[in-house]
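Trainee: would you be able to build a 3D model of this:
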Amino acid sequence: MQRPTTRKRPWPHAATGVVPLVIALGCSPASGGGPSTAWFEDAPLASDATAVDAGPIDATGAESDGGVDGLGSGEPDADAVADATPAPFVSDPQPAERLWPVPGELLILHVGVDSLLPKMGEATIVVGPTGTITLIDVGNDKHAGQVRALVETLNSSWLTTERGYPARSKRQVEWIVLTHFHADHGGGLEDLLQGDDALALQHGVVHRGWVDVGDGTTAGTWEPLCAALQSKPLDWPLCAPQTLPVCDLGALASHHPATTCGGLLRGRIDDPADDAGMAPTFLDLGGGARLTLLAADGWIGGGSLAAAPAMGYDDTNQENARSVVAWLSFGAFRGHFGGDLTGSGEPTEPDVETRLVAGVADSVWGPRGTDLAVAHHHARKTSNNATLIAALAPSDGRSRNVVGGISKLHVGSPHDDVVARWTAATRLGTGRFWVTHRTFTSAAPADFPALLDADGDVVLRTQQGGDGYWLQAPAQGVTQGFGCVRRVP
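Mentor: Alright, predicted model coming up:
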């Protein structure tokens with residue numbers, strides 16, 4: 001679809017008190033907005049009006065997935081076939097400043113990890129509607145201070161009783177999800193869990209388990225975490241080997257392959273009472289928000305369990321292939337996270353993405369796919385294959401968004417091929433491909449008009465209980481609003 005022309009204009013002066021009401025037709029951007037000192041981009045609907053709203057559920061055609069995507073509600077799933085006459089999404093007033101949490105809404109902060117530090121990294125902070133904090137990866141050891149400072153700011157300045165949240169401590173975090181054992185995703189965890197300024201972790205660290213390790217695993221990340229967590233109260237492995245390894249990769253006589261990943265079928269992860277039901281495992285983020293765990297170590301869950309294919313251990317991409325995959329839901333909003341999951345099918349880049357689609361596209365994602373997808377492996381062509389993208393972002397004209405968690409040392413990211421696949425046809429509607437940083441020799445906005453280099457954080461906050469959401473690049477002064485593809489007006 002042709003992207004609409006845009007224009008930039010200064011934000012109205014605060015003294016005027018002018019905050020316009022924005023109406024987004026369907027899932028197109030509702031508005032631009034940004035900090036009062038910056039510029040913002042106003043992106044109206046395309047003149048051909050090819051962006052299509054999710055629309056209401058057809059009462060005669062509504063489908064039910066048995067509560068998998070409905071998260072156990074047993075109600076008709078919002079993935080039903082859309083009717084032909086969508087209703088407009090009426091957005092909240094556009095934000096005048098940077099997006100921070102508000103009670104009753106979900107916030108996702110894709111951290112623009114410090115680009116001047118000599119290490120790669122990716123980290124995401126998810127704030128639930130009741131103020132819970134979940135970290136999905138934490139960057140490298142050089143980024144621990146940045147992640148910790150954001151947690152402190154959130155708890156001390158925003159998630160306060162004065163703003164309507166339950167009381168929290170300065171460094172309180174409920175969950176940490178580690179997608180895989182590479183330094184750019186988990187290298188900062190050791191520092192965050194120790195010392196006088198350690199995070200106050202309430203529940204624990206979710207990871208694939210102490211399984212299937214080899215030369216592709218980063219010893220400096222895996223070994224200290226293994227020593228600190230293995231078989232302790234904060235340890236939440238999803239897969240298990242026949243015998244647990246010692247916490248020294250050099251001393252292992254076996255790769256300790258997983259014999260089961262039954263941790264993907266435990267219902268609410270911290271409630272043993274529902275384990276026998278073998279429902280997809282989820283973290284309760286409060287206020288109706290959930291993070292459902294769909295895959296780990298190459299095993300696919302989502303309602304049944306499919307064992308991993310044979311994969312090697314020596315290449316870094318074979319470690320990537322074992323990434324944990326998660327599905328975030330709140331109201332009509334859905335978001336996909338998959339770490340560095342691979343999909344090219346090259347000998348050292350196993351195609352787990354296609355197996356994931358086969359296992360969960362129908363039962364969990366449904367025909368409408370997602371609202372937000374975090375591009376796998378920093379938007380590199382080892383990942384993000386055509387099958388995955390078609391399932392998460394079908395070419396139906398509805399507006400969706402992709403975020404690439406990229407530091408400036410992820411040279412070449414985002415790859416041209418990946419941006420081209422995600423932005424082809426009408427997959428994103430009038431949505432964008434947002435990257436926290438764009439690196440040398442990477443895809444350029446001049447070639448891909450939907451590509452936006454945030455040069456820092458990318459922040460999402462839902463509105464109207466998850467019927468829609470705002471996406472923002474604070475450093476660029478760009479804010480856009482969208483209606484969710486599953487929204488039922």
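
Trainee: my guess is Gly277 contacts Gly267, does it?
Mentor: Yes - using C-beta atoms under 8 Å, Gly277 is in contact with Gly267, at 5.5 Å. C-beta coordinates here come from the backbone N, C-alpha and C atoms, glycine included.

Trainee: for the stretch 151-300 of the chain, which segments count as strands?
Mentor: 172-177, 200-207, 235-237, 240-241, 258-260, 282-286, 289-296, 299-300 (DSSP state E, counting those that start in this stretch).

Trainee: run through the stretch 1-150 of the chain and note the low-pLDDT ranges.
Mentor: Along the stretch 1-150 of the chain, the model assigns pLDDT under 70 to residues 1-87, 115-117.

Trainee: okay, how far is it across stretch 284-297, tip to tip?
Mentor: Stretch 284-297 has an end-to-end distance of 22 Å (C-alpha to C-alpha, to the nearest Å).

Trainee: next one: stretch 195-205
Mentor: 17 Å.

Trainee: who does Leu452 bridge with?
Mentor: Beta-bridge partners for Leu452, by DSSP bridges, are Trp434.

Trainee: rewinding a little: of Gly277 and Gly267, give the one with the bigger neighbour count.
Mentor: Gly267 (18 against 10; other C-beta atoms under 10 Å).

Trainee: which residue, other than its chain neighbours, is closest to that one?
Mentor: Asp274 (3.6 Å; C-beta to C-beta, 6 or more residues apart in numbering).

Trainee: now do the SS call for Trp327.
Mentor: Under DSSP: H, G, I helix; E, B strand; the rest coil, Trp327 falls in the strand class.

Trainee: burial check on the nearest residue to it once chain neighbours are set aside, number of neighbours?
Mentor: Counting by C-beta to C-beta, 6+ apart, Trp327 lies nearest to Thr292, which is 4.5 Å off, once chain neighbours are set aside. If you count neighbours by other C-beta under 10 Å, Thr292 ends up with 24.

Trainee: contacts only, for Ala393.
Mentor: Gly369, Thr370, Ala373, Arg400, Val402, Trp422, Arg427, Leu428 (C-beta atoms under 8 Å, 6 or more residues apart in numbering).

Trainee: closest one to Ser363 out of these, please.
Mentor: Relative to Ser363, the closest of these is Gly369; by C-beta to C-beta it sits at 13.5 Å.

Trainee: what is the burial count for that closest one?
Mentor: 23.

Trainee: thought it was touching Ser395?
Mentor: No - contact criterion C-beta under 8 Å: Gly369 and Ser395 do not qualify, at 10.2 Å.

Trainee: picking up where we left off before, mind listing what the residue nearest to Trp327 touches?
Mentor: Contacts of Thr292 by C-beta under 8 Å, 6+ apart are Leu71, Pro280, Thr281, Phe282, Ala326, Trp327, Leu328, Ser329, Val364.

Trainee: pretty sure the fifth one contacts Leu291?
Mentor: Yes - counting by C-beta under 8 Å, a contact exists between Ala326 and Leu291, whose distance comes to 5.2 Å.
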